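K.L.:
what follows is a predicted protein model with its sequence.
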Amino acid sequence: MRKKMLVATLMSLGLMLTLILAMSLSSAEVVADEDIVEDTLYEHMVAQFGQEFLENRNRAVAIAQEIEDSFPQNELGETIYPDDFGGLYLDSDGNLVILVVGSSSSFENFAYLDANVIIREVEFSHAEIRAMSSSIAEFFWYNWGREDSHPVADNITSVGFTSSENRVFVWLRDASEEQINLFKSTVIDSPMVSIEASPSGYSNDLVDAPFAPPAIKPQPPPHPPIRN
């Protein structure tokens, strides 16, 4: 009886060791596969962008993160951007460009972290750009899907902002002079906003909405368009 129990125990231990060994080998294979994929991807990126660009980009991203982390947050966890901060972007060489409003800025200290950091003066702050973009987006969402939607909102296909140009952009399906003037008189007329024709085939229909709609569409905000 004891002999049978010993054999059964040894068989169970053997099975467990086999399973553990198989799982270890499987994990090692997964790690090896991930390493191969990562190395292959990096090689493709080097071939496409160049080693210097990637090295510049890695340094730029680290400095950009340091700048972002230096900003305070409000009680909702939202970042409070300083008035003299215009934004960040990478140039064609992978270098970090720090946008500032005004000739002197506290962000110049970050430039000493890397000789390739570029300080560029712009007209509008990042906070102003974001606020303007959000206001126009709210005008779109206020009208989106409504039977009595404003024709100007129906003509909008996309709203956003680009840090490199320090501008808010608005794409219109019909970007004729008449429609551009109608947008300016109805929504906003500002040098901060660049109004352009939508790329061919771009639409603000439900399938192609410029802002991904939530699963359940919220009620429109209780306010009229920006300008009556």
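P.N.:
Noted; the coordinates are in hand. Residues are numbered from 1 along each chain as shown.

K.L.:
neighbours of S198, how many?
P.N.:
For S198, the tally of surrounding residues (other Cβ atoms under 10 Å) stands at 19. Every C-beta, even on glycine, is put in place using the N, C-alpha and C of the backbone.

K.L.:
test my guess that it contacts W171.
P.N.:
Yes. Using Cβ atoms under 8 Å, S198 makes contact with W171 at a distance of 4.1 Å.

K.L.:
joint contacts of those two?
P.N.:
Common neighbours of S198 and W171, counting by Cβ atoms under 8 Å, 6 or more residues apart in numbering, are T157, S158.

K.L.:
can you pull out the low-pLDDT segments for the protein?
P.N.:
Scanning the chain for pLDDT under 70 picks out 1-46, 48-49, 104-105, 107-113, 201-228.

K.L.:
need the strands for it, in chain order.
P.N.:
In the chain, the segments counted as strands under DSSP state E are 85-90, 96-101, 118-122, 156-162, 167-172, 193-197.

K.L.:
output the ones you listed in CSV; the columns should cover mean neighbour count.
P.N.:
Shown next, in CSV, are these (neighbours: other Cβ atoms under 10 Å):
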stretch, mean neighbour count
strand 85-90, 21
strand 96-101, 22
strand 118-122, 16
strand 156-162, 20
strand 167-172, 22
strand 193-197, 16
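
K.L.:
distance to E178 added to those strands, as TSV?
P.N.:
Converted to TSV, the strands of the chain look like this (distance: least, Cβ to Cβ, whole Å):
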stretch	distance to E178
strand 85-90	32
strand 96-101	34
strand 118-122	31
strand 156-162	15
strand 167-172	11
strand 193-197	12
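
K.L.:
identify whichever of those strands lies nearest to L54.
P.N.:
strand 85-90 (11.3 Å; Cβ to Cβ).

K.L.:
so what touches the closest one?
P.N.:
Contact partners of strand 85-90, identified using Cβ under 8 Å, 6+ apart, comprise 57, 60, 64, 67-68, 71, 96-101, 105, 107, 120-122, 124-127, 129, 163-164, 166.

K.L.:
dump the C-alpha coordinates for it into CSV.
P.N.:
Below are the C-alpha coordinates for strand 85-90, written out as CSV (Å, rounded to 0.1, in the frame of the first residue of the first chain):
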residue,chain,number,x,y,z
PHE,A,85,3.9,78.1,-22.1
GLY,A,86,3.0,77.7,-25.8
GLY,A,87,3.3,73.9,-26.2
LEU,A,88,5.8,71.3,-27.3
TYR,A,89,6.5,69.4,-30.5
LEU,A,90,9.3,67.4,-32.2
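
K.L.:
list the neighbouring strands of that strand plus their orientation.
P.N.:
strand 96-101 (antiparallel) (DSSP bridges).

K.L.:
what about the helices in the chain?
P.N.:
Per DSSP state H, the chain has helices spanning 2-49, 51-70, 108-111, 126-143, 151-154, 177-186. These are given in chain order.

K.L.:
by contact count, what packs against the fourth one?
P.N.:
The reference is to helix 126-143. strand 85-90, helix 151-154, strand 156-162, strand 167-172 (3 or more Cβ pairs under 8 Å, 6 or more residues apart in numbering; DSSP states H and E).

K.L.:
and those as a markdown table, adding distance to W141?
P.N.:
A markdown table is the format used below for these (distance: least, Cβ to Cβ, whole Å):
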| stretch | distance to W141 |
| --- | --- |
| strand 85-90 | 24 |
| helix 151-154 | 9 |
| strand 156-162 | 10 |
| strand 167-172 | 14 |
